[in-house]
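Enquirer: Predicted coordinates and the sequence they were generated for:
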Amino acid sequence: MTSTAFADAVNEQIGHEYAAHQQYVAIAVFYDAQTLPHLAQFFYKQALEERGHAMMMVQYLLDQDAGPIVPGIVAPQIDFDDIAAPVSLALEQEKMVTDQINAMAALARDESDFAGEQFIQWFIKEQVEEVSSMSDLLTVVQRLIDTPMQIEDHLARETAASGGGAGDPTEPAQAGGASA
């Protein structure tokens, strides 16, 4: 059974993941309203990933008989000064989540919660990818801010090139049986 302190941290992180989900939906809607469908699609997909992360944490707590809590969240930011601002916000959010996940890993280790430490390892790897991806996107958007259709072309090419991989077999299960 997971430690109480780690379970509390996971419950808190569930709220952060749902807040990230909502923020990414708000960003996607902003880009949809700007008729930038590839940027919108990118953030709709990111929103689903964040929801998936929350559901993985819910499932972990269910599996540990630790009483998951689904908290309310604050409203996301919906107004942005330009098309780079949402990506900048997203990058800062990913860096903050990285710090939160790393703190959870340290807590699990301090608590000798080996199951918790093993569970959180996947999220550490995921955050490396998320920060890198968002940092790259911000660089592209900043370079091409005056030519948004080139940003769209870039994302279309990147999406086509990345294909639809087989998935990560180490990915934790989500509550409800969904997959990210």
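Expert: Structure's in. What do you need? Numbering: from 1, shown residues only.
Enquirer: which ones are touching the most centrally placed residue in the chain?
Expert: The centre of the chain sits closest to E50, judged by C-alpha atoms, centre = their mean, with a distance of 3.9 Å. By C-beta atoms under 8 Å, 6 or more residues apart in numbering, E50 lies in contact with 17-18, 20-21, 24. Quick note: C-beta positions are derived from backbone N, CA and C, even for glycine.
Enquirer: Try it again at 7 Å.
Expert: E50 sits next to 17, 20-21, 24 when contact means C-beta atoms under 7 Å, 6 or more residues apart in numbering.
Enquirer: Which strands or helices does the lowest-mean-pLDDT helix or strand in the chain pack on?
Expert: Sorting the helices and strands of the chain by mean pLDDT, DSSP states H and E puts helix 148-162 at the bottom, at a mean of 91. Helix 148-162 is packed against helix 37-63, helix 114-143, with contacts defined by 3 or more C-beta pairs under 7 Å, 6 or more residues apart in numbering; DSSP states H and E.
Enquirer: How far off centre is it?
Expert: Relative to the centre of its chain, helix 148-162 is centred 21 Å away, using C-alpha atoms, centre = their mean, to the nearest Å.
Enquirer: go on, stretch 142-155?
Expert: Averaging C-alpha positions (C-alpha atoms, centre = their mean) puts stretch 142-155 23 Å from its chain's average.
Enquirer: Can you list the buried residues in it?
Expert: For stretch 142-155, burial by neighbour count (16 or more other C-beta atoms under 10 Å) applies to 144, 148, 151-152, 154-155.
Enquirer: Present those residues as TSV; the columns should include distance to P172.
Expert: Shown next, in TSV, are the buried residues of stretch 142-155 (distance: C-beta to C-beta, whole Å):
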residue	distance to P172
L144	36
P148	36
I151	33
E152	33
H154	31
L155	28
